[in-house]
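A.B. asks: please work out how this folds:
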Amino acid sequence: MSRTMIDAFGVVDGQLAVGGLPLERLAARVGSTPFFAYDRGLLTDRVRLLRSSLPSDIDLSYAMKANPMPAVVQHLCGLVDSIDVASAFEMQCALNSAMSPSRVSFAGPGKTTAEICQAVAAGVMIEMESSTEARRVVETGEQLGIRPRVAIRVNPDFTVKGSGMRMGGGPQQFGMDAKQVPALLRDLAGLDVDVLGFHVFAGSQNLHADVITEAQQRTVDLVLGLSESARDPVRYLNLGGGFGIPYFDKDEPLELARIGDSLESLMAQQIRPRLPEARTVIELGRYIVGECGVYVTRVVDKKESRGRSYLIVDGGMHHQLAASGNFGQVIRRNYPIAIGNRMGEGPTSHVTVVGCLCTPLDLLGDNVELPTAAIGDLVVLFQAGAYGLTASPTAFLGHPAPAEVLV
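C.D. replies: Numbers count the residues shown, from 1 in each chain. I've put the predicted structure just below:
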């Protein structure tokens, strides 16, 4: 496990600290295990890093799907410029925050008429993903007597290599194929709808700065071409995100400075001169919150089976599915893991950490090297700030949901 990862949180009295609190004290404050804990200071630092690395006129949007905990959203809405949501529930969370509805965008395929109605009524910008959705938006605006604010999500004609999930290029359920967009723009030109611009998101969890910068360049080229078919000037240009974080031993952190330098060139040479009214947005979720959270679960049993040592904990894949290797991974690899109340002790043996579910899929650490743990010790899984609780099958086998805290 990276020393940098531990240093980011800090160690107090031999225990991992979250928000300055040693882990055993934090567990007592929460009142039960397992739980997710997010470090407020690390969230602030991550946004500060982005601000210092990217051009000053790039807006930061928080993709709430990564972590919709209301306290996290409330904290971030004072740090970022906008929030992107992907459901009516997330939209309501954003509307309950201090963020202006005009700075909330609503993306995702399959928006229902009821969801569209809520968004139009609130003044939220809808990122339209099909011609059917566009028709529903227009009809809803007419019924409410409100001019909808919209952007078009574009499925680009290129793919992004090295992404954890490819969400652009080839056939996709996301957005409209680039070649279909000019026709939609012509159809919308005579209707009472405010087409602000475009959103292009081609892939997620990418650790290669050169790949991300190439995708951003191709995105700008694509949007410049599409803008020629638009009735009004482009006022919204969402370049997507896809910035990855390191999960595994061989992962190298993303070279953010290289992305910032490339974006500054793009802004200076193409976006500012040719799209002077555009609010240019980088939309990030995992990169903002992923490294700022931990999942904490308590050892409830130890056992040996045919030469293998097991730690059995009171949590599991029903809370942190990704760490079990069942969230889209082709090859399972261990997330960073530690005995959080024994940070001053070196590794002594190899153990396998499993959860409390009645399935062999409930594997949190396979043959990992850890200090000798006792029943009652606290196991910590790092990189748990994004796609944790809400991306996991919490109802599986009826175990209670974990707590979440922002410290």
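
A.B. asks: was I right to think residue 202 contacts residue 242?
C.D. replies: Yes. With contact defined as CB atoms under 8 Å, residue 202 reaches residue 242; the gap is 6.9 Å. Yep, even glycine has a C-beta here, placed from its N, CA and C like the rest.

A.B. asks: and residue 272, that's in a helix?
C.D. replies: Yes. According to DSSP: H, G, I helix; E, B strand; the rest coil, residue 272 belongs to a helix.

A.B. asks: pLDDT score assigned to it?
C.D. replies: We have a pLDDT of 97 for residue 272.

A.B. asks: how many other residues sit next to residue 7?
C.D. replies: 9 (other CB atoms under 10 Å).

A.B. asks: for the one 10 residues further on, same thing?
C.D. replies: Neighbouring residues of residue 17 were enumerated by other CB under 10 Å; the total is 20.

A.B. asks: elements contacting the host helix or strand of it?
C.D. replies: For residue 17, the host element (DSSP states H and E) is strand 15-18. Contacts defined by 3 or more CB pairs under 8 Å, 6 or more residues apart in numbering; DSSP states H and E place strand 15-18 against helix 3-9, helix 23-30.

A.B. asks: C-alpha coordinates for that strand, CSV please?
C.D. replies: Extracted C-alpha coordinates of strand 15-18, given in CSV (Å, rounded to 0.1, in the frame of the first residue of the first chain):
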residue,chain,number,x,y,z
GLN,A,15,-4.1,4.4,14.4
LEU,A,16,-5.2,5.7,11.1
ALA,A,17,-6.8,9.1,11.5
VAL,A,18,-9.8,10.4,9.5
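
A.B. asks: and that strand, how far out from the chain middle?
C.D. replies: 24 Å (CA atoms, centre = their mean, to the nearest Å).

A.B. asks: again with stretch 200-209
C.D. replies: 12 Å.

A.B. asks: could you work out the end-to-end span of it for me?
C.D. replies: Terminal residues of stretch 200-209 lie 18 Å apart, using CA to CA, to the nearest Å.

A.B. asks: cool, and stretch 51-58?
C.D. replies: Note: stretch 51-58 ends 9 Å apart using CA to CA.

A.B. asks: spell out the residue ranges of the helices in this protein.
C.D. replies: According to DSSP state H, the chain carries its helices in the segments 3-9, 23-30, 40-53, 70-77, 88-95, 113-122, 131-144, 181-189, 209-227, 256-266, 272-274, 286-289.

A.B. asks: for the chain, name the helix or strand with the lowest mean pLDDT.
C.D. replies: Lowest mean confidence among the helices and strands of the chain (mean pLDDT, DSSP states H and E): strand 165-166, at a mean of 52.

A.B. asks: residue 372: which of the helices and strands packed on strand 15-18 is closest?
C.D. replies: helix 23-30 (17.3 Å; CB to CB).

A.B. asks: tell me what that closest one is packed against?
C.D. replies: strand 15-18, strand 35-38, strand 293-305, strand 378-381, strand 403-406.
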